[in-house]
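**Q** show me the folded form of this:
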Amino acid sequence: MRRAVPVVFLPLLLAACHFGGGNGDEPKTPYDAYLREYAADVKGPWNRWKDAEWRTHTQVVPNDFTKAQQSVAAFEAWRDKAADPKWVRQARDLMREAESPSALKPTVEEQAGMDAIARTARLYPANDRELMTTIDDKAGLQARFRRRAEYKLDGEAVHPDELAQRYASETEEDKRVEIWRALVGPAADLKPGYAEVRDMRNDLARRGGWDDNLQAQLDTYHITGDELATLMSDIELGLRPLYQEIHTWARHELAAQYQVDPPDLIPAHWLPAALGEDWSGLVHVDGLEVDPALGDMGAKKMVRSIEDWYVSTGVPAFPATFWDRSSLLPVPPGARVGKTRGASTWDIDLKGDVRVLLSAQPTAGWMHASTREFAFAHAYLLRADAKIPEAIRQEPPRAMLGALGVWADLAASRPERLKKSGLITQMPDATRALLAEALLYVPFVEFGAGTAVPFEREVFAAALPPGQMNTRWWGLAAKHQGVIPPETRTERWADFLSIDALSDAPGRYVDYVLSVTLAFQLHDALCHKLALDPRTADLTGRKEFGDMFKAVATRADVDDWRKLTEELTEAPPSADAMVRYFQPLMAYLQAQNATRTPTLPSLR
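**A** Take a look at the predicted model:
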C-alpha cells in the first residue's frame, strides 16, 4: 500500500551512552549498576537484529526470504533478552529497598530507565511467547498480502507508483474515479487479517496491564485515553476556523475545475491524496520550483548541502561512518540487488552507528525527505552522547523527535533561504506560498486529529466490529474533514487500510499530529525570541536553532514532553502557533470566500 504521511518513524534503540560517567568508570549507584548490566546484556542481540533488519531493506533479492527470516529470528533473540523477567524482579527489589527513609533514591533518569525496562517486559511477556509468535505470523502474512497486492486499471496490472503518478496528473473526473478505486481497492483484502491481529494484540496488551493495544503503543506519552481525546479535539478545534476557510475555498475552486456546482462535502477523488490527508497539490507556486537547480546539483551534492545547513546552526557534523554506511542514492538500473523504497533512519550497534536509507533524487520531494531524515539521524547521535540510560532509548520519543524533522524542514525551506542558496531565482508570491503550506499541513492535522485517531480509538478501545469499519471511517471523514468517497463504499471495502500507518502501526497518527503542531510551536517560539517573522526567517547559521534542536534531542527521553514543550516555548502543546503562522492567509481566504456559504460540518 502507499505511504501517505510526510514523516517516517521507526522504533529504534539508539546509540550507547555511558550513564554516570565516561568509559570504564564505576557505577555511581545500585540503579546505575542495574541499568549498565541490562545494557550490556541487550546490546549484542540488538546489534544482530538491527544489522539483519538493515540487510533486509538494503539487499533485496526477488523471491529470497532468507534475510527476512534471519531478521525475525534476531528480533526474537533480542526480545527474549530485553524482556527477561529477571530485570523486573531486580528492579522490584531495588525499589523495595528504596522505600526506606534513609535509602538512596533513584535519579529521574534512573527511574525512567527502570520504567522503560518494565514497559518492555509488559510489551513482550515471557509467558505469552506463543501468542506473540502467532501475532508475528499473522502480521507477517498481512505484510505479504500488502506487498503482493495487485493493482489494476482498465483490467491491466499497474505498478502502484505508476498508478500514483497517473492520479497526480489526471484531470478528467471519470478517469480519476477509476484510478481512485484502483488505489484503495486492494486494501479490502487486508480487513479480515487486520481485525484478527487487532483482537490478538488487544489480548496481549491486556495481559501486560493495559486496556487495549492502542493504549500500550501510546504508553510513553503518559496520557490517558480521555486526555488523548481531549488533546486531539483541542488541536482540531483550534485549527477549525482556518480549515473551514480552506475547505470552502477548495470546494469552489475544484467545482469550477470540474465545471459543476460546489458540493457541500468534497469528493475524495478531487483531492491529491485518496483519503484527503494531503491537499498540497491543489496549487502551484510560481518561483518555488527548486527541481531545475537541484537537477544541476545532483543528488549527492544535494544531501551534502542539507548536512551543511545543519552544521551551520551548530549541530555536530555526521561522523565519516554515517556517509560510509548509509544508503542514500538509488540502486543503478538493472542491478541484481535492490532496496526498499521510502526513507528511514536506523541505529545499528548502540555505539553511534546511525544510518539513513534513501533513494534520493535531485527533486523537491527528496530534498524535504532527506532534510527530515537527517534531523532524526542528528537527534539519535546527540542522544547517544547524552547521559541517558540505554533502556530508555529502546523507543525514541516519537512526537518530539518527529517535531525536529518537521521543524528543520520548515526552517530550511523558507524562500529567503532557498534564494540565497541558489535553489530559486525569484521570490514567490507570499500569499500563494503560504496557501501551499497550509494545504500541506492543516488538512493533514485535521485528518489525523479528527478522523484517524478517533477511528483507531474505536477500533482498539471499543473493539469496532470489522463489519462496521469502512462505514465508520467515512462517517468520521465526512464530519471532521468534510470529505466523502466518490461513490458508496460498503463493508466489502477497507479504504482506510490503504494507508500503511493505519494498517501496521497503531497510534502513529498521534505521533504525526503532535510532530506537526510541536514543530510549529518550536519554530514560533525561536523566531519570537529572535524577533523574526516565522514565515520568512532564514535560520541558516543561527546557533540558537542548533541549541534548541539539541535541547529537544537530549532531553525528550527523560523530561515529560508536555513540560519540555512548555519550558522551551512558554506554552503547553496546542495548535496556537499554527494559527498564528497562517493568520495572514486567513484574511485572504475570508476575502475569497466572502460570498460563499461554508458547509463544513460543525463540531460544536
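**Q** which residue is most remote from the mean position of the chain?
**A** Within the chain, the residue lying farthest from the chain centre (Cα atoms, centre = their mean) is Ser102, at 44.7 Å.
**Q** tell me which element that one falls in.
**A** Element membership of Ser102 [criterion: DSSP states H and E] is none; it lies in no helix or strand.
**Q** okay, it: pLDDT?
**A** The per-residue pLDDT reported for Ser102 equals 90.
**Q** repeat that for Ala391.
**A** Model confidence at Ala391, given as pLDDT, is 84.
**Q** and it, how many neighbours?
**A** Ala391 is flanked by 25 other residues according to other Cβ atoms under 10 Å. Heads up, the C-betas are built off the backbone N, CA and C, glycines and all.
**Q** need the contact list for the residue farthest from the centre of the chain.
**A** For Ser102, no residue counts as a contact, taking Cβ atoms under 8 Å, 6 or more residues apart in numbering as the criterion.
**Q** in the stretch 301-450 of the chain, which spans are helices?
**A** With DSSP state H, counting those that start in this stretch as the criterion, the stretch 301-450 of the chain has helices at 320-325, 364-385, 398-412, 415-420, 430-446.
**Q** just those helices: most buried one?
**A** When neighbours are counted by mean count of other Cβ atoms under 10 Å, the highest per-stretch mean among those falls to helix 398-412, a mean of 26.
**Q** list the contacts for the closest residue to Leu522 other than its chain neighbours?
**A** Leaving out its chain neighbours, the residue that sits closest to Leu522 by Cβ to Cβ, 6 or more residues apart in numbering is Trp407, at 5.1 Å. Applying Cβ under 8 Å, 6+ apart, one finds that Trp407 lies in contact with Ala375, Leu518, Ala519, Phe520, Leu522, His523, Phe549.
**Q** now do the helices in the stretch 451-600 of the chain.
**A** For the stretch 451-600 of the chain, the helices defined by DSSP H, counting those that start in this stretch cover 453-460, 469-476, 500-504, 508-529, 543-555, 561-569, 576-581, 583-592.
**Q** most packed of the ones you listed?
**A** Burial of the helices of the stretch 451-600 of the chain is given as mean neighbour count (mean count of other Cβ under 10 Å); helix 508-529 ranks first at a mean of 24.
**Q** and that one, what does it pack against?
**A** Secondary structure elements in contact with helix 508-529, counted by 3 or more Cβ pairs under 8 Å, 6 or more residues apart in numbering; DSSP states H and E, are helix 225-258, helix 398-412, helix 430-446, helix 453-460, helix 500-504, helix 543-555, helix 561-569, helix 576-581.
**Q** which strands and helices sit next to the fifth one?
**A** Looking back up the chat, that one is helix 500-504. With 3+ Cβ pairs under 8 Å, 6+ apart as the test, helix 500-504 has helix 129-147, helix 508-529 packed against it.
**Q** which of these sits closest to Pro415?
**A** Of all those, the one in closest proximity to Pro415, counting by Cβ to Cβ, is helix 508-529 (15.0 Å).
**Q** mean confidence score for the closest one?
**A** The predicted model assigns helix 508-529 a mean pLDDT of 98.
**Q** check stretch 263-278 too.
**A** Mean per-residue pLDDT for stretch 263-278: 97.
**Q** any buried residues in it, and which?
**A** Under the neighbour-count criterion of 16 or more other Cβ atoms under 10 Å, stretch 263-278 has 265-278 buried.
**Q** just the ones in strands from those residues, please.
**A** Secondary structure defined by DSSP state E assigns Ile266, Pro267 of the buried residues of stretch 263-278 to strands.
**Q** and the buried residues of stretch 263-278 as CSV, adding distance to Gly193?
**A** As requested, the buried residues of stretch 263-278 are arranged in CSV below (distance: Cβ to Cβ, whole Å):
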residue, distance to Gly193
Leu265, 31
Ile266, 31
Pro267, 29
Ala268, 24
His269, 27
Trp270, 31
Leu271, 28
Pro272, 29
Ala273, 24
Ala274, 21
Leu275, 20
Gly276, 25
Glu277, 23
Asp278, 27
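**Q** closest to Tyr38 among the buried residues of stretch 263-278?
**A** Nearest to Tyr38 among the buried residues of stretch 263-278: Glu277, at 39.6 Å, using Cβ to Cβ.
**Q** if I read this right, the closest one contacts Glu446, doesn't it?
**A** No - contact status for Glu277 versus Glu446: not in contact, 9.0 Å apart, counting by Cβ atoms under 8 Å.
**Q** okay, buried residues for stretch 150-164 please.
**A** Neighbour counts over stretch 150-164 (16+ other Cβ under 10 Å) mark Tyr151, Leu153, Val158, Pro160, Leu163, Ala164 as buried.
**Q** helices - which of those land there?
**A** Secondary structure assignment (DSSP state H) places Pro160, Leu163, Ala164 from the buried residues of stretch 150-164 within helices.
**Q** and which of those is nearest to Pro465?
**A** For Pro465, the closest of these turns out to be Pro160, at 29.0 Å, with distances computed as Cβ to Cβ.
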